[in-house]
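Colleague: Starting from these lines, generate the structure:
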Amino acid sequence: MVAPSGGFAFRRAPLLVLGVASLVVAVYAGLVRVGWTWPAVLEGLPEGHGALMVCGFLGTVIGLERAVALGRFWAYGAPVLAALGAVAAVAGLPDALDFHPGVARAFFLASAVALLANTAVIARRQPALFTFVLALGVACWAAGNAFWLLSALRPEEDARWFQMQPLYKTVFWWGGFLVLTIASERLELSRVTRPPPAAVALFVGTTVVLLAGLVLMVARLAPGVRLTGAGLAVTSLWLLRFDVARRTIRLQGLPKFIAAGLLSGYAWLAASGAFALWFGADLGTLHRDALYHSLFLGFVFSMIMAHAPVILPAVTGMMVPFTRIFYVPLALLHASLLLRVAADLAAWLPGREWGAMMNAVAVIGFFGVVLGSVVMAKRR
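Modeller: Numbers count the residues shown, from 1 in each chain. Purely as a prediction, here's the structure:
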């Protein structure tokens with residue numbers, strides 16, 4: 001979806017800085033939340049971990065990617081609003097990271113609406129199944145943020161259905177946003193393998209199941225979570241079967257690395273679907289931790305690591321030469337996530353804490369490796 005890098009480069013750097021800053025703060029907040037006894041710096045910072053990661057970091061960088069693809073000044077509204085939401089959250093407007101009465105949430109919702117408008121323009125320019133699914137993914141982000149904002153604005157005594165939507169239901173909508181965004185882009189690339197009509201129909205059916213699960217979850221938690229899990233699991237199987245990564249894994253260099261990141265990420269997507277089917281409404285802290293991080297760390301960050309050497313040059317104009325060192329943070333991500341998920345299932349808290357610490361090292365270390373690769377390329 002990214003067009004070749006062109007103008008507006010001077011507008012991208014501050015947004016990239018804010019996006020990466022959101023990532024760093026989110027990682028720190030996650031480590032405090034998981035049990036590391038470090039100063040929380042701001043009241044309520046640990047509770048903002050997920051929002052800063054998904055809406056702050058990913059909302060900014062995905063919005064920026066989409067704006068570069070459109071090549072229009074107005075398209076940068078989406079990443080700007082996401083970055084402002086992250087700033088509002090950390091700055092505490094007006095009550096630290098409790099987000100009350102919803103200032104940061106309002107920015108994030110506005111960003112999702114702006115991104116949906118950008119994606120609608122892309123779908124109009126290139127009407128196809130994958131652009132339609134891309135728009136559906138952004139609509140999931142907008143819906144989740146709308147539920148989240150409404151729950152902040154309604155008075156506590158007004159127990160309407162949308163006021164009673166807890167954050168963990170919103171997180172599933174965020175997951176739908178990211179899964180459909182990635183699946184749609186992989187569907188576009190699957191044209192290389194020419195999947196049969198039955199495979200395309202299966203993709204459509206899987207998308208419908210995933211969306212139906214998210215909608216059902218609003219009213220009925222257990223069947224909604226399980227139906228969503230079925231959608232995640234079948235989506236992973238579709239990607240494992242029809243994605244071009246099955247062929248490019250046999251190549252060398254960057255194509256092989258990208259394929260390794262994709263295929264390992266699909267395995268974690270299958271795991272998150274299996275956990276949703278298993279847990280249902282039993283979403284205690286440890287179960288949520290295993291499910292969420294299988295999805296957002298194992299799947300989403302595998303996709304980020306796999307695509308970064310291709311996406312970053314288009315967005316920033318800087319080349320990211322591939323080296324085998326890229327495999328180190330990718331392998332550490334998966335090994336540490338295995339430790340963390342196993343510790344969650346065994347209720348072994350020290351293992352969970354150390355798994356989270358190594359997760360953080362893998363994520364931050366990957367961006368360090370990318371930066372080092374860029375610097376070395378410039379020196380050469």
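
Colleague: Could you look up the SS state of P127?
Modeller: Per DSSP: H, G, I helix; E, B strand; the rest coil, the local secondary structure of P127 is coil.

Colleague: what's the burial count for it?
Modeller: Using other CB atoms under 10 Å, P127 has 9 other residues around it. Backbone N, C-alpha and C define where each C-beta goes, glycine included.

Colleague: for R288, same thing?
Modeller: By the criterion of other CB under 10 Å, R288 has 16 neighbours.

Colleague: Give me the neighbour count for the nearest residue to it once chain neighbours are set aside.
Modeller: Spatial nearest neighbour of R288, excluding adjacent residues (CB to CB, 6 or more residues apart in numbering): Y168 at 6.0 Å. The local packing of Y168 (other CB under 10 Å) involves 15 other residues.

Colleague: cool, T228 as well?
Modeller: T228 has 28 nearby residues by other CB under 10 Å.

Colleague: List the residues that contact the nearest residue to it once chain neighbours are set aside.
Modeller: By the measure of CB to CB, 6+ apart, the closest residue to T228 outside its immediate chain neighbours is G213, 3.2 Å from it. Listed by CB atoms under 8 Å, 6 or more residues apart in numbering, the contact set of G213 reads G224, V225, R226, L227, T228, G229, A230, G231.

Colleague: Which of those sits closest to I258?
Modeller: G231 (24.9 Å; CB to CB).

Colleague: where does this structure have low pLDDT?
Modeller: Across the chain, residues meeting the criterion (pLDDT under 70) sit at 1-11, 39-44, 92-101, 153-166, 380.

Colleague: Show me the strands in it, by range?
Modeller: Using DSSP state E, the chain contains no strands.

Colleague: what about the longest helix in it?
Modeller: helix 349-379 (DSSP state H).

Colleague: Can you name every helix or strand that it contacts?
Modeller: Contacts defined by 3 or more CB pairs under 8 Å, 6 or more residues apart in numbering; DSSP states H and E place helix 349-379 against helix 9-34, helix 285-293, helix 302-316, helix 327-346.

Colleague: Run through the neighbouring helices and strands of the last one.
Modeller: Read that as helix 327-346. Checking 3+ CB pairs under 8 Å, 6+ apart, helix 327-346 ends up next to helix 253-279, helix 285-293, helix 302-316, helix 349-379.

Colleague: Quick one, which of these gets closest to V25.
Modeller: The nearest among the helices and strands packed on helix 327-346, by CB to CB, is helix 349-379 at 11.8 Å.

Colleague: on that earlier part again, ok, which of the helices and strands packed on helix 349-379 comes nearest A198?
Modeller: helix 302-316 (25.7 Å).

Colleague: which phi and psi does A347 have?
Modeller: phi 50, psi 40 (degrees, to the nearest 10).
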